[in-house]
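1. Fold the following for me, if possible:
(2 chains, ligands or ions: 4)
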Number of protein chains: 2
Amino acid sequence: MADQAFVTLATNDSYARGALVLGKSLRNHHTSKTLVVLIGPQLSEPCQSALRRIYDDVILVNVMDSGDTAHLALMKRPDLGVTLTKLHCWTLTQYSKCVFMDADTLVLSNIDELFDREELSAAPDPGWPDCFNSGVFVFRPSVETYGKLLKFCTEKGSFDGGDQGVLNGFFSDWATADISKHLPFIYNLSSIAIYTYLPAFKQFGDNAKVVHFLGETKPWTYTFDPQTKQLCGGMQEAPTQPAFLLDWWTLYASAVVPMLQEQYGDKPFVSG
Amino acid sequence: MADQAFVTLATNDSYARGALVLGKSLRNHHTSKTLVVLIGPQLSEPCQSALRRIYDDVILVNVMDSGDTAHLALMKRPDLGVTLTKLHCWTLTQYSKCVFMDADTLVLSNIDELFDREELSAAPDPGWPDCFNSGVFVFRPSVETYGKLLKFCTEKGSFDGGDQGVLNGFFSDWATADISKHLPFIYNLSSIAIYTYLPAFKQFGDNAKVVHFLGETKPWTYTFDPQTKQLCGGMQEAPTQPAFLLDWWTLYASAVVPMLQEQYGDKPFVSG
Ligand SMILES: O=c1ccn([C@@H]2O[C@H](COP(=O)(O)OP(=O)(O)O)[C@@H](O)[C@H]2O)c(=O)[nH]1
Ligand SMILES: O=c1ccn([C@@H]2O[C@H](COP(=O)(O)OP(=O)(O)O)[C@@H](O)[C@H]2O)c(=O)[nH]1
Ligand SMILES: [Mn+2]
Ligand SMILES: [Mn+2]
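-> Ligands and ions are numbered 1, 2, ... in the order given. This is a model prediction of the structure:
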């Protein structure tokens, strides 16, 4: 349906790499939905070009320039920069329903069935499971909701300093109100869960539909040897979920790197 | 109500120390429910005596001797010993509704409202939040359910080798069927959650009603200096949640140790 979209966000070239892989993974699994990426003004032109080849819609969000309540909110809470950019997804009223996905997620099968769910549907956060994880969520763009969210942001702030704190504060009955708004965990399988409860991962992990590389170390912070198909070590820690990381890198190396090389020519194609 | 009970389990003297603290914490918060502890045959007589002073009902469960399907199940799956003992709680048909609590839990306020919930109500497991944690759950004793559980045990086993795997396999629609069967996480707050998502703990942790010391290191594996009121280091790792651990030790040192000393006289009062 043309009025339904997957939406992601990349405010810099690093997250843009994630968005490129995510978009490609959605295409590979034949989504019938529109693909939208919100970008920040820092994104390099070659990255923007590559995004335009995968996404139907590349939308520049400049909270500083927006001249609306988002700008005012940012003046009051300068710490909430990226969070406010993410909330901008509620302004996409050309779509009736959307699924937001973090740029550090990877789709492993067709997930168009998520559009059967209502706002605000999301999967539980491992760690504090009465909160939802804001890496994957179903929402309905609405200027009214957007205004309320910004108001909430400025008045209450974010208990964790990011969008997850704001969204859980705002949609605060998620844990108790409606089971249909609990997406199965396999739609937002965080790497952390593999370790904390390995037997459950072995039991249910085969059905994973979306993997989420949350936390400090992102797939793009590792290096990858395309010859041996091996990860050559991350910056802060050892690879946590090598199989999924390899999936990410295989897609990145085969489909995204060639595209970026085309755009950048001889210039190095990593910034931000 | 006389036909509603809190139920715990201790198969050895170590877990009995936990059960004594748990029982005492329930009493201190003026529960109106009956307190039941299931014990294994290894429990020392002094520990049993102490349990009898706190619990209304101390029930010996000897799966080896039971001569019923539990014994048969144990023959087929000798690895499931303690699990089968825990499942025995479904045989307590003198009660119409019960709340099972692990012996490594501590109650921080009156939680009798849990009896408003139906079988099987439990809180999500941090780690794999589409599973419930089996450290605190509401159930209805029933010979029929007990038989089905044992059958499930022998035929399907436990995906994690313990009762949580069996119970999640058996009550497999918990994640998707009925939101009222999702206990708020503050009724089974695992130490692990404090670390994985500290801002959420700071936001919601003040309302904690039950803390669960799950994992390898139990409160009783630390030592405590009653003079300085300090924990003197655990066996495997540093104390994870000192405030709650201190609560546990304060209750243990003030209310349980004197009781055990009375029972044991001069003999050392720690075994198992
Ligand atoms: O500098 C940033 C930080 C975050 N994001 C976007 O915000 C999402 C949430 O941040 P992140 O995934 O790093 O948080 P985590 O999932 O690790 O908590 C990212 O996936 C991106 O879509 C971004 O574009 N630029
Ligand atoms: O040797 C044992 C192991 C476990 N238990 C009981 O089974 C519960 C579950 O085990 P545990 O709490 O150690 O598991 P965890 O919560 O750490 O996964 C305990 O709290 C006790 O009530 C017991 O009586 N004896
Ligand atoms: Mn993320
Ligand atoms: Mn436990």
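2. which residues sit in contact with A:Pro126?
-> A:133, A:185, A:190, A:192-193, A:196, B:126-129, B:196 (Cβ atoms under 8 Å, 6 or more residues apart in numbering or on different chains). Yep, even glycine has a C-beta here, placed from its N, CA and C like the rest.
3. do that again at 6 Å, thanks
-> A:190, A:192-193, B:126-127, B:129 (Cβ atoms under 6 Å, 6 or more residues apart in numbering or on different chains).
4. Return the closest of the residues you listed with respect to ligand 3.
-> A:Ser190 (8.4 Å; Cβ to the ion).
5. What segments of the stretch 1-150 of chain A are strands?
-> A:4-10, A:34-39, A:57-60, A:97-101, A:105-107, A:121-124, A:132-139 (DSSP state E, counting those that start in this stretch).
6. what's the neighbour count on the residue nearest to A:Lys181 when sequence neighbours are not counted?
-> Excluding the flanking residues, the one nearest A:Lys181 by Cβ to Cβ, 6 or more residues apart in numbering or on different chains is A:Ser121, at 4.4 Å. As a burial measure, A:Ser121 scores 22 neighbours (other Cβ atoms under 10 Å in any protein chain shown).
7. Those residues of the stretch 151-272 of chain A touching chain B, which are they?
-> Those residues of the stretch 151-272 of chain A that sit near chain B, judged by Cβ under 6 Å from any Cβ of the partner chain, are A:159-160, A:179, A:185, A:193, A:196-197, A:199-200, A:203.
8. nearest to ligand 1, of the residues you listed?
-> Nearest to ligand 1 among those, counting by Cβ to the nearest ligand atom, is A:Asp160 at 8.8 Å.
9. and of the strands of the stretch 1-150 of chain A, who's closest to ligand 3?
-> Going by Cβ to the ion, the one of those nearest ligand 3 is strand A:132-139, 4.4 Å.
10. Just the residues contacting the closest one, thanks.
-> Here strand A:132-139 has contacts from A:98-102, A:105, A:114, A:117, A:119-123, A:125, A:163-164, A:167, A:174, A:187-188, A:210, A:212, using Cβ under 6 Å, 6+ apart.
11. ok, 7 Å please
-> A:89-90, A:97-102, A:105, A:114, A:117-125, A:163-164, A:167-168, A:174, A:183, A:187-188, A:190, A:210, A:212, A:214 (Cβ atoms under 7 Å, 6 or more residues apart in numbering or on different chains).
12. Does it reach ligand 1?
-> Yes - applying Cβ under 6 Å from any ligand atom, one finds strand A:132-139 touching ligand 1 at A:Gly135.
13. tell me which residues in that strand are buried?
-> A:132-139 (16 or more other Cβ atoms under 10 Å in any protein chain shown).
14. Can you lay out the residues you listed as a markdown table showing pLDDT and distance to ligand 2?
-> Below are the buried residues of strand A:132-139 laid out as a markdown table (pLDDT from 0 to 100; distance: Cβ to the nearest ligand atom, whole Å):
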| residue | pLDDT | distance to ligand 2 |
| --- | --- | --- |
| A:Phe132 | 98 | 25 |
| A:Asn133 | 97 | 23 |
| A:Ser134 | 97 | 28 |
| A:Gly135 | 97 | 27 |
| A:Val136 | 98 | 28 |
| A:Phe137 | 98 | 30 |
| A:Val138 | 98 | 33 |
| A:Phe139 | 98 | 36 |
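15. will you turn those into CSV that also has distance to A:Thr228?
-> Below are those laid out as CSV (distance: Cβ to Cβ, whole Å):
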residue, distance to A:Thr228
A:Phe132, 39
A:Asn133, 33
A:Ser134, 36
A:Gly135, 30
A:Val136, 32
A:Phe137, 37
A:Val138, 40
A:Phe139, 42
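16. Farthest pair within those residues?
-> A:Asn133 and A:Phe139 (14.1 Å; Cβ to Cβ).
17. Can you tell me the closest non-neighbouring residue to the residue in the stretch 51-200 of chain A that ligand 4 sits nearest to?
-> Nearest residue of the stretch 51-200 of chain A to ligand 4, counting by Cβ to the ion: A:Tyr197, 13.7 Å away. Nearest non-adjacent residue to A:Tyr197, counting by Cβ to Cβ, 6+ apart: B:Gly127, 3.6 Å away.
18. which phi and psi does the one you found have?
-> phi 120, psi -70 (degrees, to the nearest 10).
19. quick one, what contacts the residue of the stretch 51-200 of chain A closest to ligand 4?
-> B:125, B:127-128.
20. now do the same end-to-end measure for stretch A:75-82.
-> 13 Å (Cα to Cα, to the nearest Å).
21. Checking it against ligand 3, do any of its residues make contact.
-> No - legend: contact between stretch A:75-82 and ligand 3 by Cβ under 5 Å from the ion is lacking; minimum distance shown is 11.1 Å.
22. can you check stretch A:184-199 too?
-> No - using Cβ under 5 Å from the ion, stretch A:184-199 never reaches ligand 3; the gap is at least 8.4 Å.
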